[in-house]
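Visitor: Any chance you could fold what I've pasted below:
(chains A and B)
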2 protein chains.
Amino acid sequence: MTAAIDFYFDFSSPYGYLASEKIDALAARYGRSVDWRPVLLGVVFKATGSAPLAVIPLKGEYSINDFARSARFLAVPYRRPSAFPIATQHAARGYYWLAERDPQLARDYAHACYRAYFAADRDISQPDVLHQIVSPLGIDPAQFDAAVNAPAWKARLKAEVDAAMVRGVFGSPYFIVDGEAFWGVDRLQQLEKWLAEGGF
Amino acid sequence: MTAAIDFYFDFSSPYGYLASEKIDALAARYGRSVDWRPVLLGVVFKATGSAPLAVIPLKGEYSINDFARSARFLAVPYRRPSAFPIATQHAARGYYWLAERDPQLARDYAHACYRAYFAADRDISQPDVLHQIVSPLGIDPAQFDAAVNAPAWKARLKAEVDAAMVRGVFGSPYFIVDGEAFWGVDRLQQLEKWLAEGGF
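Guide: Got it, this is the predicted structure:
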């Protein structure tokens, strides 16, 4: 039995979205499962003194072009969101709430959130947009709202972000497999070689 | 006649070194030449509010491992330098001085500097180390010293760094081909696809 790949991401991260469309199939080729773990990069950036790519001089403009080009390179549908970056704590809390009940449903929900935001330009920081995402998945919007505003699920997300930082997570996507860390969708090839060869 | 690929790098940049071992052969496959242009990331970072990877919390430790792993992934010899990062204005001024006289000699010199620093752990911020690099290339160390300390070559490097920032360069390696920018050794595949397909 091999260990799962931990996949850390923020729902507002374009490179996290691109990775989300690739990681499960990649892992499956090597008999691995993937443990999806949304975090809040805003909290992480505060701790590390970093800032979102998009607001850094020069790098911001470059990144906007690179998001779209990387999506074409990886053949993943992408449309630049009108609102960016956005707050993702509701989306992330909803994920952990669902994951506790039904991991596969939580995975479907995460894909639906990412695709709504990065392929259909729907602002997933808005409660009504999240309702439109969860309803077709058979999740009651009122129960969803209650969960994402409940102290227990706020505390759970905070604990997940804290634990991620303890493990060294500073960006999105960030993968840890067998103790080795890989940051960025552009490290998927190294991650795959690592799985294929048991390290290199 | 197709335009050259502009290759911006800092002599203290590990990813710039890795790219330097790949870019000429890649370009040649598509009938392109490469215009090597050393810059000073310290100056660029001051302008953009960035910092060297190695000093950023969490990212620093990750990077040290990723430099070595990326070198193995790309099959490029790499040894972690004892002194890092270092000042590279002498190495860079020497490059432009040589490039004016003999572009191929300047290229050989740039490779020798990068390999001395990143494969043999020799501190190329030190004048005597640069002397040991230029002598075997048939360059007189005294003339080299005079050039790298001359106001004219200080001004030339400053002008190169300023021009690079105007073009949006914010990191190393940074490539511009036909107006399209690529940042990072991990963008060489996208750069190659761009050359092969005339954009994508």
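Visitor: Please list the residues of chain A that sit near chain B.
Guide: Within chain A, the positions near chain B by Cβ under 8 Å from any Cβ of the partner chain are A:47-50, A:56-59, A:61-62, A:65-66, A:69-70, A:72-73, A:165, A:168-171, A:181, A:183-184, A:186-187, A:189-190, A:193, A:200. Glycine gets a C-beta too; all of them are placed from N, C-alpha and C.
Visitor: Drop anything exposed from those residues.
Guide: Among the residues of chain A next to chain B, those scoring as buried are A:48, A:50, A:56, A:58-59, A:62, A:66, A:69-70, A:73, A:165, A:168-171, A:181, A:183-184, A:186-187, A:190 (criterion: 16 or more other Cβ atoms under 10 Å in any protein chain shown).
Visitor: chain center to the lowest-mean-pLDDT helix or strand in chain A: distance?
Guide: Between all helices and strands in chain A, the lowest mean by mean pLDDT, DSSP states H and E belongs to helix A:41-48, at a mean of 88. A distance of 15 Å separates the centroid of the chain from that of helix A:41-48, by Cα atoms, centre = their mean, to the nearest Å.
Visitor: For stretch A:165-172, the averaged confidence score.
Guide: The average pLDDT within stretch A:165-172 is 95.
Visitor: End to end on it, go ahead and measure it.
Guide: 12 Å (Cα to Cα, to the nearest Å).
Visitor: residues in contact with it?
Guide: Identification of contacts with stretch A:165-172 by Cβ atoms under 8 Å, 6 or more residues apart in numbering or on different chains yields A:6, A:8-10, A:13, A:15-16, A:39, A:41, A:43-44, A:47-48, A:50, A:176, A:181, A:183-184, B:56-59, B:61-62.
Visitor: all strands of chain A, in order?
Guide: All strands of chain A, identified by DSSP state E, fall at A:5-9, A:34-38, A:174-177, A:180-183.
Visitor: what residue ranges in chain A are flagged as low confidence?
Guide: Per-residue confidence for chain A (pLDDT under 70) gives these ranges: A:1.
Visitor: Okay, the residue positioned nearest the centre of it and chain B: tell me how far apart.
Guide: Note on chain A: the residue nearest the mean C-alpha position is A:Phe9, at 3.1 Å, using Cα atoms, centre = their mean. Going from A:Phe9 to chain B by Cβ to the nearest Cβ, to the nearest Å gives 16 Å.
Visitor: need the contact list for that residue.
Guide: A:Gly16, A:Tyr17, A:Ala19, A:Ser20, A:Trp36, A:Arg37, A:Pro38, A:Val39, A:Ser172, A:Pro173, A:Tyr174.
Visitor: For the last one, give me its contacts.
Guide: If I follow you right, that is A:Tyr174. By Cβ under 8 Å, 6+ apart, the neighbours of A:Tyr174 are A:Phe7, A:Tyr8, A:Phe9, A:Ala164, A:Ala181, A:Phe182, A:Trp183.
Visitor: what's the closest non-adjacent residue to the third one?
Guide: Distance criterion Cβ to Cβ, 6 or more residues apart in numbering or on different chains; nearest residue to A:Phe9, sequence neighbours excluded, is A:Gly16 at 3.5 Å.
Visitor: do the same with the second one
Guide: Nearest residue to A:Tyr8, sequence neighbours excluded (Cβ to Cβ, 6+ apart): A:Tyr174, at 4.3 Å.
Visitor: tell me the helices in chain A, going along the chain?
Guide: Counting by DSSP state H, chain A has helices at residues A:14-20, A:23-28, A:41-48, A:59-73, A:89-101, A:103-119, A:127-134, A:141-148, A:151-166, A:188-197.
Visitor: Need the contact partners of the third one.
Guide: Read it as helix A:41-48. Among residues not part of helix A:41-48, those counted as contacts by Cβ under 8 Å, 6+ apart are A:10, A:12-13, A:50-52, A:87, A:161, A:164-165, A:169-172, B:56-59.
Visitor: Next, the buried residues of that helix.
Guide: A:Leu41, A:Gly42, A:Val43, A:Val44, A:Thr48.
Visitor: what's the farthest-apart pair in these?
Guide: Maximum pairwise distance among the buried residues of helix A:41-48 (Cβ to Cβ): 11.3 Å, between A:Gly42 and A:Thr48.
Visitor: Distance check, A:Gly31 against chain B.
Guide: A:Gly31 is 22 Å from chain B, where distance means Cβ to the nearest Cβ.
Visitor: Highest mean neighbour count across the helices of chain A, which stretch is it?
Guide: Mean neighbours per residue, mean count of other Cβ atoms under 10 Å in any protein chain shown, is largest over the helices of chain A for helix A:14-20, with a mean of 26.
Visitor: Quick one: neighbours of A:Gly138, just the number.
Guide: 9 (other Cβ atoms under 10 Å in any protein chain shown).
Visitor: Report the spatially nearest residue to it, omitting neighbours in sequence.
Guide: A:Gly138's closest residue in space is A:Leu105 (Cβ to Cβ, 6+ apart), at 7.9 Å.
Visitor: Dump the helices of chain A to TSV, plus distance to B:Asp123.
Guide: Output for the helices of chain A, formatted as TSV (distance: least, Cβ to Cβ, whole Å):
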stretch	distance to B:Asp123
helix A:14-20	35
helix A:23-28	40
helix A:41-48	29
helix A:59-73	29
helix A:89-101	45
helix A:103-119	45
helix A:127-134	55
helix A:141-148	54
helix A:151-166	34
helix A:188-197	29
